[in-house]
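J.: sequence unknown, structure follows:
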């Protein structure tokens, strides 16, 4: 069993409405000892790939991206979310739908932090419908840079966002893929 | 000269209106190799103090808090910002004025992540008027926990927030204190 799967079973809580709460170690509170191991696992997964930069999105993607950045000694860039569409010309921006919060956000990255020669690893905490990763992929490609791959800490496999990105040819790795989840039990996809 | 002072002089940019831009290494983009050193510097500063938890505020406080958390092997909790006052009873919350963005935010932390026996180190990226740190101190004290100290990556000494907190008896450390700044030159306070 993988580290993230063990941690979810030990500390995750299933709330009503199919929400998996991992606030005790992944978001809200960050278990830094565990996150160091997770950062090293991500580094191992992409060993041999040429990567120049890690891209994530505020706020809950930052801890895992920074952990990967520590392990890989790579700079981390985080996209900002903005309700308003009043965005200046010196940023790349796209619109991302949040199914969790039921709203849309403009996602922006300052142009100076991604250049055409960057080879980018995209990292986020959750992958469900894939909207955030899709938005970040768009931003990398707008910049003329290359997406080396995507990593999610936890993928909800039954919401298909990850598989749709894999079908498009992107390398998408998740530290745990939840295949099924009801009020009492979680089943992980064998990877 | 201290590490953060050197980095500001090497990579910081002074924009009009007295804004110091440090997006290339501290926010927006995070220089993880530098941040590892900064995390160790914070750990050294508070060596010998009993600390159980690090508290910061999303989003730009997270990288530095996680870096300190890695060095100190301590859990990191981050407060969330929320425009709405529609806040449930299971959180500690306070209102923080942002002078940079000219608005107010409700700052919230889930009650389960701070307990009365916690000894908390508060970490943030910028300290100017001190509103964010003051809000985080309020939250720690609402929880009945103890504030061991506060660390800011960069303090604008001329805006007096840090000194006001020191006068109240809090230990406030900054990795660089800007005493004066005009369009061309930065002067640091000797520490």
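T.: Done, it's in. This one's a predicted model, so the numbers in the text were calculated from it and none came from an experiment.
J.: the lengthiest helix in chain A - contacts with which helices or strands?
T.: Looking across chain A with DSSP state H, the single longest helix is helix A:32-45. Contact partners of helix A:32-45 among helices and strands, from 3 or more CB pairs under 8 Å, 6 or more residues apart in numbering or on different chains; DSSP states H and E: helix A:3-11, helix A:62-72, strand A:146-156, helix B:62-72. Every residue, glycine included, has its C-beta placed from N, CA and C.
J.: any idea of the angle the first one forms with helix A:32-45?
T.: Okay, so that is helix A:3-11. Here the directions of helix A:3-11 and helix A:32-45 differ by 150 degrees (axes from the mean of the first three to the mean of the last three CA atoms, to 10 degrees).
J.: report the distance from helix A:3-11 to the chain centre.
T.: Centroid separation for helix A:3-11 versus its chain: 18 Å, with CA atoms, centre = their mean, to the nearest Å.
J.: in it, what counts as buried?
T.: For helix A:3-11, a neighbour-count test (16 or more other CB atoms under 10 Å in any protein chain shown) marks A:4, A:5, A:7, A:8, A:11 as buried.
J.: do the same with stretch A:67-80
T.: So, applying 16+ other CB under 10 Å, buried residues of stretch A:67-80: A:67-72, A:74-80.
J.: just the terminal-to-terminal distance for stretch A:114-121.
T.: 12 Å (CA to CA, to the nearest Å).
J.: repeat that for stretch A:91-106.
T.: Note: stretch A:91-106 ends 11 Å apart using CA to CA.
J.: do the same with stretch A:50-65
T.: Start to finish, the residues bounding stretch A:50-65 are 17 Å apart (CA to CA).
J.: can you redo the helices and strands packed on helix A:32-45 as TSV with distance to residue B:142 and mean pLDDT?
T.: TSV is the format used below for these (distance: least, CB to CB, whole Å; pLDDT from 0 to 100):
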stretch	distance to residue B:142	mean pLDDT
helix A:3-11	25	97
helix A:62-72	24	98
strand A:146-156	30	98
helix B:62-72	19	98
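J.: export the ones you listed to JSON lines and tack on distance to residue B:166?
T.: Shown next, in JSON lines, are the helices and strands packed on helix A:32-45 (distance: least, CB to CB, whole Å):
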{"stretch": "helix A:3-11", "distance to residue B:166": "38"}
{"stretch": "helix A:62-72", "distance to residue B:166": "29"}
{"stretch": "strand A:146-156", "distance to residue B:166": "39"}
{"stretch": "helix B:62-72", "distance to residue B:166": "20"}
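J.: so what's the residue lying closest to residue A:177 once chain neighbours are set aside up against?
T.: Closest residue to residue A:177 apart from its sequence neighbours, by CB to CB, 6 or more residues apart in numbering or on different chains: residue A:189 at 3.9 Å. By CB atoms under 8 Å, 6 or more residues apart in numbering or on different chains, residue A:189 lies in contact with A:157, A:177, A:178, A:179.
J.: can you get me a residue count around the last one?
T.: Pointing back at residue A:179 there. By other CB atoms under 10 Å in any protein chain shown, the residues close to residue A:179 number 13.
J.: quick revisit: out of the contacts of residue A:189, which are buried?
T.: Using 16+ other CB under 10 Å as the burial test, those include A:157, A:177, A:178 as buried.
J.: now, among those, which is nearest to chain B?
T.: Using CB to the nearest CB, residue A:178 comes nearest to chain B of these, at 22.4 Å.
J.: any idea of the mean pLDDT in the helix or strand encompassing that closest one?
T.: Per DSSP states H and E: residue A:178 is located in strand A:177-181. Averaging pLDDT along strand A:177-181 gives 95.
J.: residues near residue A:174, how many?
T.: 23.
J.: does residue A:173 belong to a helix, a strand or coil?
T.: Assigned with DSSP: H, G, I helix; E, B strand; the rest coil, residue A:173 falls in the strand class.
J.: surely it touches residue A:44?
T.: No - with contact defined as CB atoms under 8 Å, residue A:173 does not count as touching residue A:44 (10.6 Å).
J.: so what's the nearest residue to residue A:82 once chain neighbours are set aside bridging to?
T.: The shortest distance from residue A:82 to any non-neighbouring residue, by CB to CB, 6+ apart, is to residue A:106 (4.5 Å). Taking DSSP bridges as the rule, residue A:106 bridges to residue A:82, residue A:95.
J.: that older thread, how about JSON lines for the buried residues of stretch A:67-80, with distance to residue A:51 added?
T.: Converted to JSON lines, the buried residues of stretch A:67-80 look like this (distance: CB to CB, whole Å):
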{"residue": "A:67", "distance to residue A:51": "15"}
{"residue": "A:68", "distance to residue A:51": "10"}
{"residue": "A:69", "distance to residue A:51": "10"}
{"residue": "A:70", "distance to residue A:51": "14"}
{"residue": "A:71", "distance to residue A:51": "12"}
{"residue": "A:72", "distance to residue A:51": "7"}
{"residue": "A:74", "distance to residue A:51": "6"}
{"residue": "A:75", "distance to residue A:51": "10"}
{"residue": "A:76", "distance to residue A:51": "11"}
{"residue": "A:77", "distance to residue A:51": "12"}
{"residue": "A:78", "distance to residue A:51": "16"}
{"residue": "A:79", "distance to residue A:51": "17"}
{"residue": "A:80", "distance to residue A:51": "22"}
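J.: what's the farthest-apart pair in those?
T.: The most widely separated members of the buried residues of stretch A:67-80, counting by CB to CB, are A:71 and A:80 (24.2 Å).
J.: how about the residues of chain A that lie near chain B?
T.: Within reach of chain B by CB under 8 Å from any CB of the partner chain, chain A has these residues: A:23-24, A:28-33, A:35-36, A:58-59, A:62-63, A:66-67, A:69-70, A:73-78, A:80, A:109-110, A:112-113.
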